[in-house]
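J.: sequence first, predicted model second:
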Amino acid sequence: MSQLQTRIDNRSEDFLANQKHYQILLNTLRERMAVFTSGGRQELIDRHHLRGKVLVRDRVDLLVDAGTPFLEFSPLAAWGQYKNQLPSAGIVTGIGIVLGTPCVIIANDATVKGGSFYEETVKKHVRAQEIAAENRLPCIYMVDCGGANLLQQDKVFPDRDHFGNTFHRQCNMSVSGLPQLSVVFGGCTAGGAYIPALSDQSIMVEGNSRIHLGGPSIVKVAINEDVDGETLGGAAMHTRVSGVTDHLAADEPTAIAMMRDIVGELNMERVLDKGKKIGAPIADPKELTGVISHDRRVPYDVREIITRIIDDSQFQEFKPEWGETVVCGTARIYGYPVGIIGNNGALFSESALKAAHFIELCGQRNIPLLFLHNITGFMVGTEAERTGIAKNSAKMVYAMSTAQVPKISVIVGGSYGAGNYGMCGRGFRPNFMFAWPSAELATMSADIAANVMLELRRTSVKGEPATEEELEAIEKQVRDQYGEQSDPYYATSRLWDDGMIEPTQTRDVLGLCLSIVSTVPEDGPRAPVYRM
C-alpha cells in the first residue's frame, strides 16, 4: 500500500484564497449552529429551569459517558423554516456511548413548541430509529413531548411515515432484540404517551412527568370529569397504581443515573476502539479548507481530501491508470478498513465500470464504502451515448444499490443529477450521510437548468414566440429557485442529510461511523417484551 503525497502548496495564492473563502462558510455554519443549539428562547429556558428541569442537551451530556463523543444528527433541521422558531425541529437525536454501550438517543426539547411533533420532528425521529435498527443499537427516549402539533395533523398523522410509524418501529425493534428505554421528564400527551408506554422499561420523574392519552382539558370535554394532571397521569400514580412505568425518580439527575444503570445491564457492550496505534494523516486535515476550490469551475484532486482523512495517508488505489475521473481505493480510518470512491470530474463509461468493479470487490471482502461527492453527473453527448454511458452508469448504480456492505456518503462539493444516484445519494439509503458547507445538491447546476428552460421556451410550438422580457423572467426564476434549493442549508433543514459537518471534523465523524457499522452483531432470535 502506497502513501499518498500532497501536491498542494499551502503558501500559494490559490490555497490562501480558498481558505479565506471557506472561513466565511465556516463562520456562517458556526453562527447558525449556535442559534439553533442554544439561543432565541430565553424566557422558555428560564421557565424550564424554574420547574427543576434540565435542558435537553445537558440531559444528553449527563447520560453519555464522560469524555466520549456524541454524534448529533441534523442539528440544523428546520433551519430557515417557521421563521426559525423550531430549532433543531424541537428534538435532539444522535449516537452516544452509555457505560460502554453505543445507543441511539432521541430527546424532545420542551422549550421548543412544548416538544410537539412537526413534520420535520417526525422525520428526524424516524431517521434516528432507522439508524438504530440498521446498526443494531438500543434506543433511549428522553421524553418531554406534547404529542403531534394539531395544526400540522395532515403532515404528521395519517401517512405511512408519519407519527404512527415511530411506534411501529419501536415495537419491531423491541421484538428484534433492540431494547427500547424511556425516561419521562415532562408531559406525554396523546401520541406522546405511547413512547414510554411501548418501551421495554421506563422511568418517570416525580412532580414533573405525566403520561395520559388525553389531558385534563380533553377529559373534561369527553366525559365531563374535572381532574388535575398529577392525579390523572402523574409519576407516582403510574408507578404505584397503574404500573404503566417501572421506576420512580426524585429528580432528573437521579432518573438519568437510573437509566445508565439499566443500560449497563443490557449485555450489549461493543468494542469500538481497535486498541492499536493509529497513524494520523501525513497532511494536516486543517488544510482541507484550502484544498477546496472557491470557484466551482476550478477542479481539484479528490486525492488531496483522501490524503487528509485516512490513517498514515496509506491508500491502495484501484486502476489508477484507467477511468481517471473516479478515484477508488482501500484505506483505513482509525483502524477500520474502508473502500473510498471520489470524483475527479464527470463520470465516463470507463469510470462507471471501474467504480462498479471496485464496489463489487468491497462487497466480496466485506469492506464498508465511503463516497466523496463532487460530481456534475455522468457524461452526456453523442460519443458518451455510443460508448454505452446509459448502460454503464446503470451498472454502477446497480452495483452500489445491491452491495451488502455499509455505505457512508459525504457531499464535499456538488452532487448533481444521476451522479448523486451513482455516488449513493439519500435515495439509496446510505447508513450515514453528511455534507460540508461547500455542498450543493440539485438535479443540475443553476446555469444548466436555466439554459434548458430557456431552450424549451424558445422551441415551444404553443403560443407566441418568446420575448426577451419573458426569457429574462424565466432565467431569473430558475436561477433563484436553484440558488435557494441547492443551498446546503436548504437540504439539511429538510433532513436530506444527517447533518452538516466541518471538513476538519470529517475524519473523526467517519471514524465513529465506521466503528458503529463495523461492529454490528449478527441478528439472532430474541424473546419479545410484552407490557402487561
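T.: Done, it's in.
J.: from here on, contacts and neighbour counts on C-alpha atoms
T.: OK.
J.: surely residue 370 meets residue 336?
T.: No: Residue 370 is beyond contact range of residue 336, at 11.9 Å (criterion: C-alpha atoms under 8 Å).
J.: which of those two has more neighbours?
T.: residue 370 (25 against 22; other C-alpha atoms under 10 Å).
J.: direction included, what does whichever helix or strand that one is part of pair against?
T.: Here residue 370 sits within strand 369-375, counting by DSSP states H and E. If you go by DSSP bridges, strand 369-375 pairs up with strand 336-343 (parallel), strand 407-416 (parallel).
J.: give the next helix or strand downstream of the last one.
T.: Right, the one you point to is strand 407-416. Assignment by DSSP H and E places the next element after strand 407-416 at helix 417-422.
J.: what packs against the helix or strand just after that next one?
T.: Using DSSP H and E, the next helix or strand after helix 417-422 towards the C-terminus is strand 432-435. Judged by 3 or more C-alpha pairs under 8 Å, 6 or more residues apart in numbering; DSSP states H and E, the packing partners of strand 432-435 are strand 407-416.
J.: which residues of the protein score low on pLDDT?
T.: 39-40, 274-276, 461-462, 523-532 (pLDDT under 70).
J.: what separates the helix ranked longest in it from the chain centre, distance-wise?
T.: If you go by DSSP state H, the chain has its longest helix at helix 13-38. On the basis of C-alpha atoms, centre = their mean, to the nearest Å, helix 13-38 sits 20 Å off its chain's mean C-alpha point.
J.: how about stretch 112-120?
T.: The chain centroid and the centroid of stretch 112-120 are separated by 18 Å under C-alpha atoms, centre = their mean.
J.: ok, now stretch 169-184?
T.: Centroid separation for stretch 169-184 versus its chain: 21 Å, with C-alpha atoms, centre = their mean.
J.: what residues sit buried inside that stretch?
T.: 170-171, 173-184 (16 or more other C-alpha atoms under 10 Å).
J.: ok so, going back, so after the longest helix of the chain, what's the next helix or strand?
T.: Counting by DSSP H and E, what follows helix 13-38 is helix 42-50.
J.: what does that next one contact?
T.: 54, 55, 111 (C-alpha atoms under 8 Å, 6 or more residues apart in numbering).
J.: same check, this time on stretch 89-96
T.: 56-57, 64-65, 68-78, 102-113, 115-118, 120-121, 124-125, 128.
J.: restricted to helices, list those.
T.: Taking DSSP H, the ones among the contacts of stretch 89-96 that sit in helices are 56, 57, 120, 121, 124, 125, 128.
J.: what's the neighbour count on the fourth one?
T.: Neighbouring residues of residue 121 were enumerated by other C-alpha under 10 Å; the total is 27.
J.: gap between the two ends of stretch 30-49?
T.: Distance across stretch 30-49, first residue to last, is 26 Å (C-alpha to C-alpha, to the nearest Å).
J.: and the angle from the longest helix of the chain to helix 42-50?
T.: Calculated by axes from the mean of the first three to the mean of the last three C-alpha atoms, to 10 degrees, helix 13-38 forms an angle of 60 degrees with helix 42-50.
J.: which strands and helices lie in contact with helix 13-38?
T.: With contacts taken as 3+ C-alpha pairs under 8 Å, 6+ apart, helix 13-38 sits against helix 288-291.
J.: quick one: the helix it packs on to chain centroid distance?
T.: The answer for helix 288-291 is 23 Å, by C-alpha atoms, centre = their mean.
J.: for whichever helix or strand comes after that helix, packing partners?
T.: The helix or strand immediately downstream of helix 288-291 is helix 303-307, counting by DSSP H and E. When contacts are defined as 3+ C-alpha pairs under 8 Å, 6+ apart, helix 303-307 packs onto helix 288-291.
J.: of all the buried residues of stretch 169-184, which comes closest to residue 514?
T.: Nearest to residue 514 out of these is residue 178 (C-alpha to C-alpha; 19.9 Å).
J.: got phi/psi on residue 201?
T.: phi -150, psi 140 (degrees, to the nearest 10).
J.: what's the spacing between it and residue 95?
T.: 20 Å.
J.: can you list the residue ranges for strands in the stretch 151-300 of the chain?
T.: 180-189, 201-205, 210-212, 247-249 (DSSP state E, counting those that start in this stretch).
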